[in-house]
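Colleague: no letters, just coordinates:
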Ligand code: ADP
Ligand code: SF4
């Protein structure tokens, strides 16, 4: 299909100092959990982005010096020639597809860990470490500043040796150069503190030394946090960012604007932000510099992208998450296939991977993070290896992905679901406050299925073992999902709890099925992800008195991994949900929950108790099927996928469905590459 001419503007080249980006699609830096520990994975993942048409592809955050060590997270390093060799392979891979390679040189200052390097933390002024650790950063003296500038210059020279086209100075997300910019974090009284001109001196000098080091062979970019969301006491987008630009706006070759505080403010989940949410902070800044500007905002709609350019908000479409969910987003727009874009749902499972120190993963894109270790490509999948007919029972995330990927391979597929609508768990979960974008997981797959004539879909078709035995499929895939437990067993609750069989006790499944809670509600969350908080929000907004009780020290504690926990807690507090942490449910009476709280017992009265504790796989169909003679009826395999195998996230269900589809008819054992550190060369 020819490209829609409305989108031509997105494919214009843009000059960035001495280099030219081939189009306006700019994959801004994002952590990947790969970094220096998993260089093969990192290289393959960035190459796929370039292949997919991103005109600029940026690395993970890349430390300039061991005094900025983010262990145990897997960041990048440009400390020595070995790093140069590793990163040269990344730039070569990016260049193979005509894209520019950018490196985000990074010094975390008091927002580093230094757990591995054991170097003292550095900061503009002496202060406790930003990560909650019992250690303090020391105030940098002038010799430290000189050392920092030398380290930045040395890293920039190495970046040139490695072949980068754009070299960053990173003054965003609360890292060291931003710590100098912030009036709250910089209490110096010398030439690097006090007035904004002084506080911006370090940034100015870092830009200058970077420019001298790259000497016209690469562009110099600055990523600057424009607002630390601390009101007038902090660095602001309407007072301080414009002043910085008035002073040094022409110094670098490109400005990359982001939020200044934590990464959570920048990569906000869809539950707490709309597409383009940063515009309120960055609008107007582009007018203050003649240099090209980039910023992010979870852009997935080409019309919004065009609007960003035409309204002069930015020159590029900056993207991290949209490029993770669909590395081929630019190419799909280029080829008039924008309907095929796998739109980011803003769930932040990608953030959780880095926060947990494992390689990147994505709910929408099951191949993300698997480019090298499993050899998966987001757009290519081997064609079928037989004429097998596959029957899939269950059209939730796992069944849908399995059907779409098998269909793409060319297999004949029948997908049957008991419900009137496809989507499985998404039908309810996407109806919860702030989670409507999650339905994109279903809708994208439905759309792709609608293009295939080898996949038949049957709704309102609850399959029994007899139905399956008589169906005539070669392979049977069971994707029947899971259900919420009623016995109170959860992460902290090891054994079933007495008294939970009364009518006043509901699970999320009951609520999904239309049962309305009454009166005062106690929600007991021993699951720790989104469900407990989302139900609390829903019922409080309906006017119920709600207590959110959890044995964890924080509400929705696992959402720290998706950078959402603080936002969830704030929202629940704002709407008047009572929060009771460190409460472990030990028994229930007809109208009261008995909690153990730090060694004492507490009684919380309820009209309805909602249990969000754990899920059990729905294995009924599987058990009935394998009890009979399925082989005798010509079926070659019966396989469970997704939540009916082991209940987990939507991302894991999609992954499971995709993995089955990739593996069908494989005779070779599955290869999952492992990256091992190379021992230093020496006598053997
Ligand atoms: P997953 O996350 O693993 O995809 P879901 O719970 O989202 O699981 O989806 C399971 C789907 O399976 C639901 O849409 C449900 O209606 C369907 N289902 C469950 N049992 C059967 C069955 N026996 N026959 C057909 N569909 C079924
Ligand atoms: Fe978007 Fe979720 Fe994928 Fe991250 S994991 S890129 S937020 S869909």
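Modeller: Alright, I've got the coordinates. Note that the coordinates shown come from a computational prediction; the quantities given were computed from them, not determined experimentally. Numbering: from 1, shown residues only. Ligands and ions are numbered 1, 2, ... in the order given.

Colleague: contacting residues for the residue of the stretch 551-684 of the chain found nearest ligand 2?
Modeller: Going by Cβ to the nearest ligand atom, ligand 2 is nearest to residue 651 of the stretch 551-684 of the chain, at 6.4 Å. C-betas here are computed from N, CA, C, even on glycine. Taking Cβ atoms under 8 Å, 6 or more residues apart in numbering, we find residue 651 in contact with 347, 349, 361-363, 366.

Colleague: so it is in which element?
Modeller: helix 650-663 (DSSP states H and E).

Colleague: contacts only, for the nearest residue to residue 12 once chain neighbours are set aside.
Modeller: Closest residue to residue 12 apart from its sequence neighbours, by Cβ to Cβ, 6 or more residues apart in numbering: residue 24 at 6.5 Å. With contacts taken as Cβ under 8 Å, 6+ apart, residue 24 has the following neighbours: 9-12, 14, 55, 305, 309, 315-317.

Colleague: mind listing which of these are in strands?
Modeller: Secondary-structure check on these using DSSP state E: residues within strands are 14, 317.

Colleague: tell me the mean pLDDT for the helix holding residue 651?
Modeller: With pLDDT averaged residue by residue, helix 650-663 scores 98.

Colleague: same deal with stretch 674-684?
Modeller: Mean predicted confidence for stretch 674-684 is 66.

Colleague: what do you get for stretch 312-324?
Modeller: Per-residue scores along stretch 312-324 average to 96.

Colleague: check stretch 402-409 too.
Modeller: For stretch 402-409, the per-residue pLDDT averages 98.

Colleague: would that stretch count as contacting ligand 1?
Modeller: No - contact between stretch 402-409 and ligand 1, assessed by Cβ under 6 Å from any ligand atom, is absent, since the two come no nearer than 8.8 Å.

Colleague: so what touches that stretch?
Modeller: In this structure, residues lying in contact with stretch 402-409 by Cβ under 8 Å, 6+ apart are 381-384, 390, 392, 395, 413, 415, 445, 448-449, 452, 454-455, 457, 477, 479, 641, 657-658, 660-662, 664.

Colleague: what subset of those is buried?
Modeller: Taking 16 or more other Cβ atoms under 10 Å as the criterion, what is buried in the contacts of stretch 402-409 is 381, 384, 390, 392, 395, 413, 415, 445, 448-449, 452, 454-455, 457, 477, 479, 641, 657-658, 660-662, 664.

Colleague: parallel or antiparallel, list what pairs with the helix or strand harbouring residue 547.
Modeller: Remark: residue 547 resides in strand 546-549, with elements defined by DSSP H and E. Sheet neighbours of strand 546-549, with direction, are listed as strand 521-525 (parallel), strand 578-580 (parallel) (DSSP bridges).

Colleague: what angle do the helix or strand following the longest one and strand 521-525 make?
Modeller: Read that as strand 521-525. Next helix or strand after strand 521-525 toward the C-terminus (DSSP H and E): helix 530-541. Relative orientation of helix 530-541 with respect to strand 521-525: 170 degrees, computed using axes from the mean of the first three to the mean of the last three Cα atoms, to 10 degrees.

Colleague: buried ones in helix 530-541, by neighbour count?
Modeller: In helix 530-541, residues buried by neighbour count (16+ other Cβ under 10 Å) are 530-540.

Colleague: can you add distance to residue 31 and pLDDT and give the residues you listed back as TSV?
Modeller: Written out in TSV, the entries for these read as follows (distance: Cβ to Cβ, whole Å; pLDDT from 0 to 100):
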residue	distance to residue 31	pLDDT
530	22	98
531	26	98
532	27	98
533	25	98
534	26	98
535	31	98
536	30	98
537	29	98
538	32	98
539	35	98
540	34	98
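
Colleague: which single one of these is nearest to ligand 2?
Modeller: residue 530 (12.3 Å).

Colleague: quick check: the closest one vs residue 460, distance?
Modeller: With the distance defined as Cβ to Cβ, to the nearest Å, residue 530 ends up 29 Å from residue 460.

Colleague: burial measure for residue 634, as a count.
Modeller: The number of residues packed around residue 634, counting by other Cβ atoms under 10 Å, is 11.

Colleague: residues near the closest residue to it other than its chain neighbours, how many?
Modeller: Taking Cβ to Cβ, 6+ apart, and ignoring the residues beside it in sequence, residue 634 has residue 472 as its nearest neighbour in space, at 6.8 Å. Summarising burial for residue 472: neighbours were counted as other Cβ under 10 Å, giving 12.

Colleague: so residue 472 makes contact with residue 390?
Modeller: No - checked against Cβ atoms under 8 Å, the pair residue 472 and residue 390 is beyond contact range at 11.6 Å.

Colleague: okay, and residue 156 sits in which element?
Modeller: Taking DSSP H and E as the definition, residue 156 sits inside helix 142-161.

Colleague: for that helix, packing partners?
Modeller: Contacts defined by 3 or more Cβ pairs under 8 Å, 6 or more residues apart in numbering; DSSP states H and E place helix 142-161 against helix 81-95, strand 100-106, strand 166-171, helix 201-214.

Colleague: what do you get if the cut-off is 6 Å, keeping everything else the same?
Modeller: helix 201-214 (3 or more Cβ pairs under 6 Å, 6 or more residues apart in numbering; DSSP states H and E).

Colleague: now do whichever helix or strand comes after the helix it packs on, average pLDDT.
Modeller: Once the chain leaves helix 201-214, the next helix or strand it forms, by DSSP H and E, is strand 219-225. The predicted model assigns strand 219-225 a mean pLDDT of 97.

Colleague: if anything else comes up later, I'll come back, but that's it for now.
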